[in-house]
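Undergrad: would you be able to build a 3D model of this:
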Amino acid sequence: MSKQLAISFAIIALLACTLTTTAVMLSADEPRELKQRVYMRVKLQSSGKVLEGIVTRDFTLIDQAAQEMHEMSRASEWPRAKDDLYEHYSVEFQRLCGKLSSLAKEENLEGVSFTYMQLTSSCITCHDHVFSSLKRAPDPSGPFQLIPNARLPRKR
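TA: A predicted model of the protein is given here:
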């Protein structure tokens, strides 16, 4: 049980890092950013439901939350690919959500736990990629704004 507890605490710490990274990534494009923030918040809440399902062995909750995240990622409001690497992370997110759902239906706690850690790691890496593809520049209306980094190729 202590191993499960340690894994749970590690996952919670990773989620906190993800939330912090998301909060830092705000830009001046408020309407689009507002939608993205709402989607990221809902995604984070669904991810929290998966964690709750893991620690309580509630496979129905895990399955429902995984399906919520998968459906959300397919919605038209979901942030779209800015480059090939971002597209990879988006596809990987959908794949891992599907895998979580399947493993929950099989009541495979170890598989669900491992896949959830993969999903969380993928989210953190994606957020890191998005953040590193932006650079800070002075903004007359606020402390800073984020602008695309010219070093990385971007899709239009």
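Undergrad: only C-alpha atoms from now on, for both contacts and neighbour counts.
TA: Noted.
Undergrad: A104 sits in which helix or strand?
TA: In the assignment (DSSP states H and E), A104 maps to helix 84-105.
Undergrad: give the rounded mean pLDDT of that helix.
TA: Averaged across helix 84-105, the pLDDT comes to 93.
Undergrad: name the residues that touch that helix?
TA: With contact meaning C-alpha atoms under 8 Å, 6 or more residues apart in numbering, helix 84-105 is reached by 59-60, 62-64, 66-67, 69-70, 73, 80-81, 109, 111-112, 115-116, 118-119, 122-123, 126, 129-130, 155.
Undergrad: before we move on, what about stretch 63-82?
TA: Contacts for stretch 63-82 (C-alpha under 8 Å, 6+ apart): 35-36, 39, 43, 46-47, 49-50, 87, 90, 93-94, 97-98, 100-102, 104-105, 154-156.
Undergrad: now the phi/psi pair for D83, please.
TA: With angles defined as degrees, to the nearest 10, D83 sits at phi -160, psi 180.
Undergrad: any idea how far C97 is from it?
TA: 21 Å (C-alpha to C-alpha, to the nearest Å).
Undergrad: between those two, point out the one with more neighbours.
TA: C97 (26 against 15; other C-alpha atoms under 10 Å).
Undergrad: quick one, helices of this structure?
TA: 2-24, 30-56, 59-74, 84-105, 109-132 (DSSP state H).
Undergrad: which one of the ones you listed is the most hemmed in?
TA: helix 59-74 (a mean of 20; mean count of other C-alpha atoms under 10 Å).
Undergrad: how far off helix 84-105 does it point, in degrees?
TA: Counting by axes from the mean of the first three to the mean of the last three C-alpha atoms, to 10 degrees, helix 59-74 lies at 160 degrees to helix 84-105.
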